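Peer 1: Any chance you could fold what I've pasted below:
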Amino acid sequence: MSTTASSPDIVPTARERLLSSAYELFSQRGVRNVGIDEIVEHAGVARATLYRHFKSKDDLVLAFLEQREKLWTFGAIGAEARRRGGTAEEQLLAIFDVFDEWFQRDDFEACAFINVLVEMGPMHRLGQASIVYLRNIRTMVQELAIEAGIEDAETFAASWHILMKGSIVSATEGDRAAARRAQLMAQSLIATHREH
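Peer 2: The predicted structure is shown next:
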């Protein structure tokens, strides 16, 4: 996913080029495996330019995570699921249709929030930021569950999020059918919550 404007007439700023480069590199290879020198070279800027826009590498990672939420959580997943489903329940299930297409892509890069959390740990500021972004995903699911009239939407969203994260990890292991399997379990989860 590109983080810069799509119009060929708009020249991205140095900050936009840095963020776009960081987005691509961090998404593909993680945080620790990408150094500052590689980012500035990829962006075509000087090291001093990076530090003019971001105080540290961690600050650049935080900007990347924020961008990831905008593009991935709310753009690719939230908006696309809402577009595909006519009802809130259909929109919940459509999350796994979106995942299925994502898992089939050659550039599938897993979930940046999970990756950074595991890589940095829950006590690191980047891990803590990732926990917040993961919580925001649960909140998005909870809001859809409330719209769908599902009882105990908070517990439902926590369980649903386990299915989402589990399918991503399974796809990372190579299970390209993980989203379809998760969707079947998700249907059972909805039915279980409807019975209460």
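Peer 1: Kindly list the longest helix within this structure.
Peer 2: helix 125-147 (DSSP state H).
Peer 1: In that one, which residues are buried?
Peer 2: 126-127, 129-130, 133-134, 137-138, 140-142, 144-145 (16 or more other Cβ atoms under 10 Å). No exception for glycine: its C-beta is placed from N, CA and C like everyone else's.
Peer 1: all helices of this protein, in order?
Peer 2: Using DSSP H, helices in the chain cover 14-29, 36-43, 47-53, 57-68, 80-84, 88-104, 112-120, 125-147, 153-173, 178-195.
Peer 1: between those helices, which gets nearest to F74?
Peer 2: Ranking the helices of the chain by distance to F74, with Cβ to Cβ as the measure, places helix 125-147 first at 7.7 Å.
Peer 1: what's the angle from that closest one to helix 57-68?
Peer 2: Counting by axes from the mean of the first three to the mean of the last three Cα atoms, to 10 degrees, helix 125-147 lies at 20 degrees to helix 57-68.
Peer 1: any weak-confidence spans in this structure?
Peer 2: 1-9, 195-196 (pLDDT under 70).
Peer 1: again, only this time at 90
Peer 2: 1-12, 194-196 (pLDDT under 90).
Peer 1: rewinding a little: orientation of the longest helix of the chain relative to helix 112-120 in degrees?
Peer 2: 150 degrees.
Peer 1: what's helix 125-147 in contact with?
Peer 2: 31, 58, 61-62, 65, 68-69, 73-74, 77-78, 81, 88, 91-92, 95, 112-114, 116-117, 120-122, 153-154, 156-158, 160-161, 164-165, 193 (Cβ atoms under 8 Å, 6 or more residues apart in numbering).
Peer 1: what's next to stretch 95-105, contact-wise?
Peer 2: By Cβ under 8 Å, 6+ apart, the list of residues contacting stretch 95-105 reads 76-77, 80-81, 84, 108, 141, 163-164, 167-168, 171, 176, 178-180, 182-183, 186.
Peer 1: quick revisit: same list, the buried residues of helix 125-147, but as TSV with distance to Y51 please.
Peer 2: Formatted as TSV, the buried residues of helix 125-147 follow (distance: Cβ to Cβ, whole Å):
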residue	distance to Y51
L126	18
G127	23
A129	20
S130	23
Y133	25
L134	29
I137	31
R138	35
M140	34
V141	38
Q142	39
L144	41
A145	43
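Peer 1: what two of those are the furthest from one another?
Peer 2: The span of the buried residues of helix 125-147, defined through Cβ to Cβ, is set by L126 and A145 at 29.0 Å.
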